[in-house]
Structures are given as structure tokens and as C-alpha cells.
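*Asks:* Take a look and give me a structure for this.
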Amino acid sequence: MYNKKDLIRKIDEMFEDLKRQSYEIISIHSDFSAASRMIIDMVSSEITMRSKTLITDMYAKMSESTLSSTMFNNAEKKSKFYEANIRREILSKYQFDVKSVNAFKNGIQYEELHRLYSSLAVSAGTAAVGGILKYLLAATVNIPMVVIIAGAAAAFCVSYLKVIPNQNKVKFREAVYSFLSELREEFIMWFDEIEKYYNDRIKDLVNTF
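*Replies:* A predicted model of the protein is given here:
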């Protein structure tokens, strides 16, 4: 279907970049609240922009494999595949609109992001990012991807600043490392769910032949 090792390599590169940029923010700023806001902005915008590219690349490989299979061995069946436009269907679940980055920054406070994410976690039945992203594949929720990731980062930062009264840069860096490492694992599981969603849609399509 597609090269999962290559996908994981790209995800690893993304999260190494996120860690590096986060560490630079921590090293420069002594105000942990300001540093947290910058990390939330950076992580959410970077993940939003790169996720669309990763999904698009993944979809290209999966669709190539699908169209070369015996299930789609004539022009009529291939035409039905294109009409289904599963790529647009998947991308519409997450609203990868980079313009929404500035929109949410101007309109939503970080405490609100925390509350929004917590509310979404209740609906999804899990507080894990991967579980919430999986939930959006089946649900109709009008929340941009950037707000979901920002909400997860805000939940982490708000909790950290409240729980750790005597912050220092070393502890904050370690906490950010743990958060991003866990987010990486959930991200990989999310792509597994996207593959499953794609395969299920292909089965539905084949059943109409």
C-alpha cells in the first residue's frame, strides 16, 4: 500500500524539528507563560501544515496501489474511484486551513483552547490526541486541525504551569520532550487509522460494483 517506514521517518523528522524549536524558545525566554504560548503556536501551526502534506503523500501511494489492483481493472471502476474523492473526504475531516492559525490566535484564549480540547476529549471518550483525531474521522465536528493540536499543547502547558510551582528551564524542557514524544506515538497511530478508514471506504466502493 505505502511505505510506512518512510512515513515514520518523516514524522520523526517533524517531531525532532518541533523539539529543537521548542528548546530554542525555552532557552531564550525566562517567562514560562510566554514561552508556553510560543510553543503552542509553533507546534500547532507546524503540525497542521505538515500533516496535510503527509496525508497527501500517503494517499497518493495508497491510491496508486488501489488503481493497479484487479478490483479496479477497467475504466468504469477507476472512474467511480475518482468520483468518490476519498482524499478530499479525509482532508475535509481536519480542515487543514493555514489561515485559521491566525484566526484562532486572535479569537481564542489559551484557557479556552484547554476547555475546548477537554470538551472534545469527553465526546471522543479519550484525552489522547490520537484518539480524538480518530474520532473526527467518524464524527462531524467543525473544528480546524490547528485548534485541536493547539488545544492539546495548551492542555499540557496549562497543567504543567499549575502543577510545577518552581519551574526551571531544564524541567520545562524535559516536560516538553515527554509531551512531544507521546504526541509522536499518537500521531503514528492516527495515520494507522487513516489507512484503515481508506481501506474501509474502498471496500464500500467495491461492494457497489
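*Asks:* which is the next helix or strand following the helix or strand of the chain with the lowest mean pLDDT?
*Replies:* When each helix and strand of the chain is scored by mean pLDDT, DSSP states H and E, helix 99-107 comes last, with a mean of 52. Sequence-wise, the next helix or strand downstream of helix 99-107 (DSSP states H and E) is helix 110-124.
*Asks:* now that next one: mean pLDDT?
*Replies:* For helix 110-124, mean pLDDT is 76.
*Asks:* For the nearest residue to K52 once chain neighbours are set aside, list the residues it contacts.
*Replies:* Once flanking residues are discounted, K52 sits nearest to F96: 3.9 Å by CB to CB, 6 or more residues apart in numbering. For the C-beta atoms, the positions are set from N, CA and C on the backbone; glycine is no exception. By CB atoms under 8 Å, 6 or more residues apart in numbering, the residues touching F96 are 48-49, 51-52, 144-145.
*Asks:* next structured bit after whichever helix or strand E83 is part of?
*Replies:* According to DSSP H and E, E83 maps onto helix 75-84. Going down the chain from helix 75-84, the next helix or strand is helix 86-92, by DSSP H and E.
*Asks:* ok, residues contacting that following helix?
*Replies:* If you take CB under 8 Å, 6+ apart as the criterion, helix 86-92 is touched by 52, 55-56, 59, 63, 137, 194, 197-198, 201-202.
*Asks:* Put the alpha carbons of that helix into PDB.
*Replies:* Output in PDB follows, covering the C-alpha atoms of helix 86-92 (Å, rounded to 0.1, in the frame of the first residue of the first chain):
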ATOM      1  CA  ILE A  86     -11.700   9.900  -0.700                       C
ATOM      2  CA  ARG A  87      -8.700  12.200  -0.500                       C
ATOM      3  CA  ARG A  88     -11.000  15.300  -0.200                       C
ATOM      4  CA  GLU A  89     -13.200  13.400   2.200                       C
ATOM      5  CA  ILE A  90     -10.300  12.700   4.600                       C
ATOM      6  CA  LEU A  91      -8.800  16.200   4.300                       C
ATOM      7  CA  SER A  92     -12.200  17.800   5.000                       C
END
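*Asks:* ok, so what distance separates the residue of the chain most remote from its centre from F209?
*Replies:* In terms of distance from the mean C-alpha position of the chain, N74 ranks first, at 35.5 Å (CA atoms, centre = their mean). For N74, the distance to F209 (CB to CB, to the nearest Å) stands at 10 Å.
*Asks:* So what's the residue count around A121?
*Replies:* The number of residues packed near A121 is 19, by other CB atoms under 10 Å.
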